[in-house]
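A.B. asks: Using only what follows, build the 3D model:
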Amino acid sequence: MTTFLKYAAIPILILIVAVVYWFLSYEPAGSVMLLLFGIAMGIMEWVLVPTFGDVGPTAPVDADWHERGG
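C.D. replies: Take a look at the predicted model:
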């Protein structure tokens, strides 16, 4: 739960700012843009956070290779 809150803090904060912005200004364009940006960041988090631990393929280590001094 802590890691979820750690990564979801920015999208949630943006959504809160969008709601507060709407109630203070009643300006639809800015509110919609903030909402869409918060939702997009949430989707990005949902897609990318599970891949944070992946290292990917690594090259094999050649024990006979050594770097020569110039």
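
A.B. asks: Any regions of the chain where pLDDT drops low?
C.D. replies: In the prediction, the chain carries residues with pLDDT under 70 at positions 1-2, 63, 67-70.

A.B. asks: Let's see the lengthiest helix in it as CSV, backbone CA atoms only.
C.D. replies: Taking residue count as the measure and DSSP state H as the definition, the longest helix of the chain comes out as helix 2-25. Coordinates of the C-alpha atoms in helix 2-25 are reproduced here as CSV (Å, rounded to 0.1, in the frame of the first residue of the first chain):
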residue,chain,number,x,y,z
THR,A,2,2.9,2.4,0.7
THR,A,3,4.4,1.9,-2.7
PHE,A,4,1.0,2.5,-4.3
LEU,A,5,0.7,5.8,-2.5
LYS,A,6,4.2,6.7,-3.3
TYR,A,7,3.7,6.4,-7.0
ALA,A,8,0.1,7.6,-7.1
ALA,A,9,0.7,10.8,-5.1
ILE,A,10,1.4,13.0,-8.1
PRO,A,11,-1.7,11.9,-10.2
ILE,A,12,-3.9,12.1,-7.1
LEU,A,13,-2.6,15.6,-6.3
ILE,A,14,-3.2,16.7,-9.9
LEU,A,15,-6.8,15.4,-9.7
ILE,A,16,-7.3,17.3,-6.4
VAL,A,17,-5.9,20.5,-8.0
ALA,A,18,-8.3,20.0,-10.9
VAL,A,19,-11.3,19.8,-8.5
VAL,A,20,-10.2,22.7,-6.5
TYR,A,21,-9.5,24.7,-9.6
TRP,A,22,-13.0,24.0,-10.9
PHE,A,23,-14.7,25.1,-7.7
LEU,A,24,-12.6,28.3,-7.5
SER,A,25,-12.8,29.4,-11.1
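
A.B. asks: downstream neighbour of it in the secondary structure list?
C.D. replies: Per DSSP states H and E, the first helix or strand lying C-terminal to helix 2-25 is helix 28-48.

A.B. asks: Identify the residues contacting that next one?
C.D. replies: Contacts with helix 28-48, where a contact means Cβ atoms under 8 Å, 6 or more residues apart in numbering, come from 7, 8, 10, 11, 12, 14, 15, 17, 18, 21, 22, 25. To be clear about C-beta, it is placed using only N, CA and C from the backbone, and glycine gets the same treatment.

A.B. asks: Thanks again, I'm all set now.
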